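K.L.:
sequence-free structure coming up:
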């Protein structure tokens, strides 16, 4: 891995001037992912926060060849690009190595884009898919998605007198991608930049379809103070709400084990969407989340040990 | 020169694709277009094409992958039908808006519900305003010739729009007809290398950033759509140029429309696709009886060849517009609206009437078209029409 000094010298290929919110996790993720790649990159991007905020014509924050076509098809769009590259390479029209990256939010990946993602993974295109998961449809005004955590408040799963926020568990898409038998699956956060850079560097060296899901704090939708982005993402890891792990050719590896596992209330207390879970009358709800986080953590530990 | 062979339209599509030898094909099987995918898969498996064939998980992804490939500079093709085309809807507009010259072979089939796998033109008629060039075929030969010309039309630098080539489901897609197939060299020479355009891979090789599909707010969207409309307008000039070149090389000339014994006709029908063949037979029979009947076949629907349609129909007294599409507007079928608006500016206009037939693959026979002409004759005698829309061949 390059040192932070070396990284700082690399040209940023996701540049300022975009209109993402102050403290947006996604902008940091885009920049870090591209910094980690020391080769020409072509990227596709799903409709969503990153797309609308970074490419307002005639401006663009992308110093790479980049395409957006629709919401649900970042994976199939990059499939076509990668296929074109393969035929040009075979026909000896080009000889450069190019890295193919698809970006999508959780809505464009877990929900509406899931079919395209699954198809591209099954076909095993030589592509790195990065999901920036901010756990709801943030671009359209914080509606719940399949990635929204249980009991989180969103505008379509509001906390009410009868219903305490979203009543379903979030999808575990990382595990679903592992079940596709693709060569590499990993989780990451912006707050551990070295881990994210490492994973991207490793992924692009592997032939085939790679999936990295990065937790992307959303100061608008979670909401949290904009200066807490990196810290909140680290708290997700310290509470085991968002464990950092990777699965290389089916082999699980835990990348970080908290010295002392923090209670989920630590994760709740900095975010408005979970504020109700800290109220005395909702202790049972908070306990339910803690129990499930513990169960998933134990399950993951077992997978990593075996 | 080419050789005479017996092919179905599906085989003709697949053979044409093999000869065009596109860089990328992304497609999903759907009746009745499935055979195109199957035959082409065999060509790939036998190493007869250089094509990267992406066997996608849906039509939405088929066109999305085509968009990616075409934006990366690849000559790109797909094929579909009916629900498959419906599922591509969102991406149709994106392909044309991004000005990507993708070629799509469409085997016309009706839309659900009720579910039915047979021919009518509901699928592509719904896509007529999606910014794609639309070329319809009367028979297997035209299916093949249109596909080969389509590549050149779509890629022309002043057009740069995707193009769909239509053939009638089952009626043509599954029926053997004699046709002349060009040699591989002739096709490759005609389609040539695509004209160079800005693309993602070129940008990556040259290390020049390019952003495709940016967010266009009210300050730019309109200008880009205006440019796209200009591309469609330019196609009105380019299509005859390409057709002429095709005709000069291979001896088969095609216009936007085909006029069949219509120059001196009093009454005539307007049709699209394979019904033209049956219609011509009826016209010949009527002519033998001394009735001045004619037929206008619409080959190109997008761009709409207004001047050709005007010229063909301006001297007729009564025109019946026959269509395999129900417009569901409680008035007329879509082609009727299109043709009547073409003729509106004429000082002297024929009386127009509308016949919907053949929905869901209902057979249209000589006697059905005779019913249409009998109605046109009655209108001619009376000098006025008593209906705008009539259904042919339905139990009511």
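P.N.:
Arrived safely, thanks for sending. Keep in mind the model is a prediction, meaning the values are calculated, not measured.
K.L.:
What ranges does the chain have for its helices?
P.N.:
Just so you know, I chose chain A. A:4-9, A:25-36, A:49-54, A:74-90, A:106, A:114-123, A:173-178, A:193-205, A:229-238, A:264-268, A:283-305 (DSSP state H).
K.L.:
switch to chain B, that's the one I care about
P.N.:
All helices of chain B, identified by DSSP H, fall at B:9-20, B:34-45, B:59-71, B:82-97, B:122-125, B:140-155, B:184-191, B:200-205, B:221-250, B:275-288, B:306-313, B:334-343, B:366-382.
K.L.:
tell me the mean pLDDT over the first one?
P.N.:
Yep, that's helix B:9-20 we're talking about. The pLDDT scores in helix B:9-20 average 98.
K.L.:
Distance from the lowest-mean-pLDDT helix or strand in chain A to the middle of the chain?
P.N.:
None of the helices or strands of chain A scores lower by mean pLDDT, DSSP states H and E than helix A:4-9, at a mean of 90. With Cα atoms, centre = their mean, to the nearest Å as the basis, helix A:4-9 stands 23 Å off its chain's centre.
K.L.:
Buried residues, it. List them.
P.N.:
residue A:7 (16 or more other Cβ atoms under 10 Å in any protein chain shown). The C-beta positions use only the backbone N, C-alpha and C, and glycine is treated the same way.
K.L.:
coming back round to it: and of the helices of chain A, who's closest to residue B:198?
P.N.:
Judged by Cβ to Cβ, the one of the helices of chain A that comes nearest to residue B:198 is helix A:74-90, at 14.0 Å.
K.L.:
If we go by neighbour counts, what in that closest one is buried?
P.N.:
A:74-88.
K.L.:
And those, which is closest to residue A:305?
P.N.:
Closest to residue A:305, out of all of the buried residues of helix A:74-90 and judged by Cβ to Cβ, is residue A:75, at 32.0 Å.
K.L.:
pLDDT score for residue 143?
P.N.:
As the question left the chain open, I've gone with chain A. For residue A:143, the model assigns a pLDDT of 98.
K.L.:
Can you look at chain B instead?
P.N.:
98.
K.L.:
Go ahead and confirm it touches residue B:172.
P.N.:
Yes: with contacts counted by Cβ atoms under 8 Å, residue B:143 reaches residue B:172, the gap being 6.3 Å.
K.L.:
Name the residue in these two with the higher neighbour count.
P.N.:
Higher neighbour count among residue B:143 and residue B:172: residue B:143, with 31 against 28, using other Cβ atoms under 10 Å in any protein chain shown.
K.L.:
Please name the residues that touch that one.
P.N.:
B:9, B:12-13, B:137, B:165, B:167, B:172 (Cβ atoms under 8 Å, 6 or more residues apart in numbering or on different chains).
K.L.:
one step back: now render the helices of chain B as CSV, adding distance to residue A:245.
P.N.:
Output for the helices of chain B, formatted as CSV (distance: least, Cβ to Cβ, whole Å):
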stretch, distance to residue A:245
helix B:9-20, 45
helix B:34-45, 38
helix B:59-71, 29
helix B:82-97, 35
helix B:122-125, 47
helix B:140-155, 47
helix B:184-191, 50
helix B:200-205, 32
helix B:221-250, 44
helix B:275-288, 62
helix B:306-313, 63
helix B:334-343, 56
helix B:366-382, 68
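K.L.:
looking at those, which is buried most?
P.N.:
Each of the helices of chain B was scored by mean neighbour count; the highest is helix B:59-71, a mean of 32, by mean count of other Cβ atoms under 10 Å in any protein chain shown.
K.L.:
and the contacts of residue B:143 near chain A, which?
P.N.:
Among the contacts of residue B:143, no residue sits close to chain A (Cβ under 8 Å from any Cβ of the partner chain).
K.L.:
now, which of the residues you listed sits nearest residue A:95?
P.N.:
Using Cβ to Cβ, residue B:13 is the member of these that lies nearest residue A:95, at 33.9 Å.
K.L.:
What is the nearest of the contacts of residue B:143 to residue B:214?
P.N.:
So of the contacts of residue B:143, ranked by how close each gets to residue B:214 (Cβ to Cβ), first place is residue B:165, at 30.4 Å.
K.L.:
Check the contact between the closest one and residue B:105; I expect there is one.
P.N.:
Yes: contact between residue B:165 and residue B:105 holds when scored by Cβ under 8 Å: they sit 5.6 Å apart.
K.L.:
Give me the neighbour count for residue A:294.
P.N.:
13.
K.L.:
Next: the one 4 residues further on.
P.N.:
Look at residue A:298: counted by other Cβ under 10 Å, it has 11 neighbours.
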